[in-house]
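S.K.: A predicted structure for the sequence below; I have some questions about it.
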Amino acid sequence: MGDTTGHAEVRPLRTWSAFGEIRHVPSEYEIVTHEVNYTVRKHRAAAFELNPTTPANMWYLTYRDKSPVQVPEWNEFRDPDEMTYRKYVTVQDEQESVLKGVLDQYESTAHDHDIASRWLDTLAHLLIPTRYPVHGLQMTQAYLGTIAPSSYITNCAAFSAADLLRRGSLIAYRTRQLQRARPDVHVLDDARRIWEADLGWQPARKALETALIAYDWAECLTAVNLVLRPALDEVLLNQLANVARKNRDDLTWLLLTNLARDSARATRWSCALARFAIERSPDNAGSFVRWVKKWRTRAEDAAGGLSTLLTSVSSPGQDELATLEAARSAITESLASAGISEDMDKSAVAAENARGATSRSHAPPVLVDPLIALFDRYAVEPGANPCRWTGLTFYRFEAPVAPHWDQTASLAFCVVVQGRKRVSINGRKYFFDPSNYFVINRATRLQAEILEGSPARPFLSMILQIPAAALAEVLIESLPALEAQQATDDEEDEAYVSQFDGDLRDAVIRFLKTLDDDSERRLLGPLFLREIVFRLLRQDQAPRLVRAALYGKTSRKVFSAIRYMQAEYGRSITIDDIARSVGASTSTLAHSFKEIIGVSPYHFLKQLRLERARVLMIREGWGVSEAAARTGYASASHFVKAFTGYFGEPPSQYANQFRGRPTLNVMESTETRM
């Protein structure tokens, strides 16, 4: 009887039963992709079979398992291209065969020997250095694949990293091809220097290096795959390919067009993944929107720098604004495909408001760039806004402005904190934005154009005319080292653009904060202006600034004359005495002094004496008569008249206002002589 008592019949397991939730015959794509990432296996205590509190496990717990972006089952995501290793190798093998044939064919026709020097310079600045950002992008994809919450995502990121490895290799092949064909063009060997120092690359470099520390896996996906890479690839692949075609470099055009396919595939799966996360859990939308707002500005700045570089080095080239708009459109299209929109942002804000005023009252304040706040305060009206500092003008424009002619009267220091501007001088174009400053070395006629500005985000800038005395005095103190620098560079540019950050930016903020207070403006303003000049002379473009003051053989006699005035200002010296001391005629010295310093020797000596008298009346307690006598004035009444005309009030009244407060002489060096 026991033999007739049977158990319930057990149905045999099907081959695909191990795939669990798939519940259908798995495709080849699913067979080779499903749960091959062992760190996300079911019923695990931690990512790795170690103590759950080890650093590696805590890293995965923090930046993957506890990510703000979560869905019930990540294994339900599918790559739109259903890419497998076999499929990937087949596709790329076909592409490599095509490209190898193209490279060999063009090399046999001596294609690169006919490339114009200007276009070679463009390739040297925009194509060849690309292997550095490509390597950075490759690292982000490798990280994303390692820490992804599903093997379906891991495989997508792995193929994306492989695409970037291929891209770097092809750029290396093209680089070597150009170097062999044109060994005389040395800029083809400067890729690393260009990547590390060229202003056009620095916003992209900063964005990529920051992306490498976007540790949350979903933020990394958003920052790089949805925002940064679409913008960069639009400029470095699509727009550069367009310019290559214009310059009859069909080989580079074909190469970049081919690489754009890999970029498009990476965008497809990334957008599909974001859309999947939002559809399965709408709460994820807020996190994506927050990250997009954080990274979009960085991506646009990166694209802006490259757009400027592409416009400035290529001929025939590409309109800078058109290039930048194409990059912005690429970001917009990527986000639209990912299902991320402004409506979500508004919904997120509404949800945040619904949490109540109490929670909002404890929210951290929104950080505002102090420099933008200062510019916004002083640039109230559209157009030029003069201020109480002679030679300083602020500008505000709420729409782009067509090119117009302008004239500078002397050396000018220009800063833009919002928007973008283009200046043309003698056919050469200079682009600058918040990441860099612009210096015009001497009186120059120029054409200016405002490229970006809107009511919501107005163009804000300033132009500061730097007094000749301030430049000359600081320059003299730094002259030995600076002369050695400038001797290695023979360029004679009227202007230059350089990176605006660090100590120079802080000096500008300190200077502008003195403008509202009369006492601070008079006492501290000259000191901070002198600091700005000093910081400019410490920048990488200092040799050009030195040349602005040192051009011509007579320049050293001019600076010798200044040193003589500094030593002898207390005596009743004349211009003839100064000229004899440096071995020049009075007329020659006067002409050279005016040309180089911008003022006559007499005017400079007068400034020197009055500045010295001002400080010592305050610091040493000198009276009017003593100050006049010790600064070379034979008559106290003459001194009072000159002082009042220069500082706006009589010396005794001026000194009583500031006496007892610490001060320095703007004409007196506080630095150790080199």
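M.R.: That came through fine. What you see is a predicted model; the values in this text were computed from it and never measured. Residues are numbered from 1 along each chain as shown.
S.K.: what about the spatially most central residue of the chain, helix or strand, and which?
M.R.: Centroid-nearest residue in the chain, with CA atoms, centre = their mean: residue 203, separated by 3.4 Å. If you go by DSSP states H and E, residue 203 is part of helix 202-211.
S.K.: cool, and residue 611?
M.R.: Following DSSP H and E, one finds residue 611 within helix 601-619.
S.K.: again with residue 35
M.R.: Residue-wise, residue 35 maps onto no helix or strand under DSSP H and E.
S.K.: which residues touch residue 334?
M.R.: Contacts were defined as CB atoms under 8 Å, 6 or more residues apart in numbering; by that measure residue 334 touches 226, 227, 230, 267, 270, 271. C-beta: built from backbone N, CA, C; applies to glycine.
S.K.: my read: the fifth one touches residue 226, true?
M.R.: What that stands for is residue 270. Yes. Using CB atoms under 8 Å, residue 270 is in contact with residue 226, at 5.8 Å.
S.K.: Spit out the residues that contact the two alike.
M.R.: Listed contacts common to residue 270 and residue 226 are 334, 338; contacts here mean CB under 8 Å, 6+ apart.
S.K.: where exactly do the strands run in the chain?
M.R.: Secondary structure of the chain (DSSP state E): strands at 383-386, 392-397, 401-408, 412-418, 420-425, 428-432, 436-440, 444-452, 459-465, 495-499.
S.K.: would JSON lines of those with mean pLDDT and distance to residue 163 be doable?
M.R.: Formatted as JSON lines, the strands of the chain follow (pLDDT from 0 to 100; distance: least, CB to CB, whole Å):
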{"stretch": "strand 383-386", "mean pLDDT": "89", "distance to residue 163": "49"}
{"stretch": "strand 392-397", "mean pLDDT": "93", "distance to residue 163": "42"}
{"stretch": "strand 401-408", "mean pLDDT": "76", "distance to residue 163": "41"}
{"stretch": "strand 412-418", "mean pLDDT": "91", "distance to residue 163": "36"}
{"stretch": "strand 420-425", "mean pLDDT": "86", "distance to residue 163": "32"}
{"stretch": "strand 428-432", "mean pLDDT": "81", "distance to residue 163": "31"}
{"stretch": "strand 436-440", "mean pLDDT": "86", "distance to residue 163": "32"}
{"stretch": "strand 444-452", "mean pLDDT": "82", "distance to residue 163": "33"}
{"stretch": "strand 459-465", "mean pLDDT": "92", "distance to residue 163": "39"}
{"stretch": "strand 495-499", "mean pLDDT": "81", "distance to residue 163": "32"}
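S.K.: Is it possible to get TSV of those strands that adds distance to residue 72?
M.R.: Output for the strands of the chain, formatted as TSV (distance: least, CB to CB, whole Å):
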stretch	distance to residue 72
strand 383-386	57
strand 392-397	51
strand 401-408	54
strand 412-418	44
strand 420-425	45
strand 428-432	49
strand 436-440	48
strand 444-452	44
strand 459-465	48
strand 495-499	48
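S.K.: closest one to residue 215 among those?
M.R.: When these are compared by CB to CB, strand 495-499 sits nearest residue 215, at 27.6 Å.
S.K.: ok, the closest one: who's next to it in the sheet?
M.R.: Neighbouring strands of strand 495-499 in its sheet, by DSSP bridges, are strand 436-440 (antiparallel).
S.K.: Can you name the residues in contact with the partner strand?
M.R.: Contact with strand 436-440 is made by 199, 408, 411-416, 421, 423, 425, 430, 432, 446, 494-500, 504, 536, 541, 544-545, as judged by CB under 8 Å, 6+ apart.
S.K.: Pull out the buried members of the contacts of residue 334.
M.R.: Neighbour-count burial (16 or more other CB atoms under 10 Å) applied to the contacts of residue 334 gives 226, 227, 230, 267, 270, 271.
S.K.: Could I get those in JSON lines, plus columns for distance to residue 132 and pLDDT?
M.R.: Output for those, formatted as JSON lines (distance: CB to CB, whole Å; pLDDT from 0 to 100):
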{"residue": "226", "distance to residue 132": "22", "pLDDT": "96"}
{"residue": "227", "distance to residue 132": "20", "pLDDT": "96"}
{"residue": "230", "distance to residue 132": "19", "pLDDT": "96"}
{"residue": "267", "distance to residue 132": "21", "pLDDT": "95"}
{"residue": "270", "distance to residue 132": "22", "pLDDT": "96"}
{"residue": "271", "distance to residue 132": "26", "pLDDT": "96"}
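S.K.: Could you single out the nearest of those residues to residue 145?
M.R.: Nearest to residue 145 among those: residue 270, at 12.3 Å, using CB to CB.
S.K.: From residue 264, how far off is the closest one?
M.R.: 11 Å (CB to CB, to the nearest Å).
S.K.: coming back round to it: could the strands of the chain be laid out in TSV, adding mean neighbour count and distance to residue 107?
M.R.: Formatted as TSV, the strands of the chain follow (neighbours: other CB atoms under 10 Å; distance: least, CB to CB, whole Å):
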stretch	mean neighbour count	distance to residue 107
strand 383-386	12	56
strand 392-397	22	50
strand 401-408	12	42
strand 412-418	22	44
strand 420-425	19	38
strand 428-432	19	34
strand 436-440	22	38
strand 444-452	18	40
strand 459-465	22	47
strand 495-499	19	37
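S.K.: mind checking which of those strands is nearest residue 161?
M.R.: Smallest distance to residue 161 across these (CB to CB): 31.1 Å, for strand 495-499.
S.K.: Off-centre distance for that closest one?
M.R.: Here strand 495-499 is found 13 Å from its chain centre; the criterion is CA atoms, centre = their mean, to the nearest Å.
S.K.: got the angle between it and strand 444-452?
M.R.: 40 degrees (axes from the mean of the first three to the mean of the last three CA atoms, to 10 degrees).
S.K.: which residues touch strand 495-499?
M.R.: Under the contact criterion CB under 8 Å, 6+ apart, strand 495-499 has outside partners 199, 202, 423, 425, 430-432, 435-441, 444, 446, 539-541, 544.
S.K.: give me that answer again for 6 Å
M.R.: Identification of contacts with strand 495-499 by CB atoms under 6 Å, 6 or more residues apart in numbering yields 425, 430, 432, 436, 438, 439, 440, 539, 541, 544.
S.K.: Pull the CA coordinates from it and hand them back as CSV.
M.R.: Extracted in CSV, the C-alpha atoms of strand 495-499 (Å, rounded to 0.1, in the frame of the first residue of the first chain):
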residue,chain,number,x,y,z
ALA,A,495,45.8,92.1,-25.9
TYR,A,496,45.6,88.7,-24.3
VAL,A,497,43.2,86.4,-22.5
SER,A,498,44.2,84.5,-19.4
GLN,A,499,42.5,82.4,-16.6
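S.K.: Right, I'll call it a day here.
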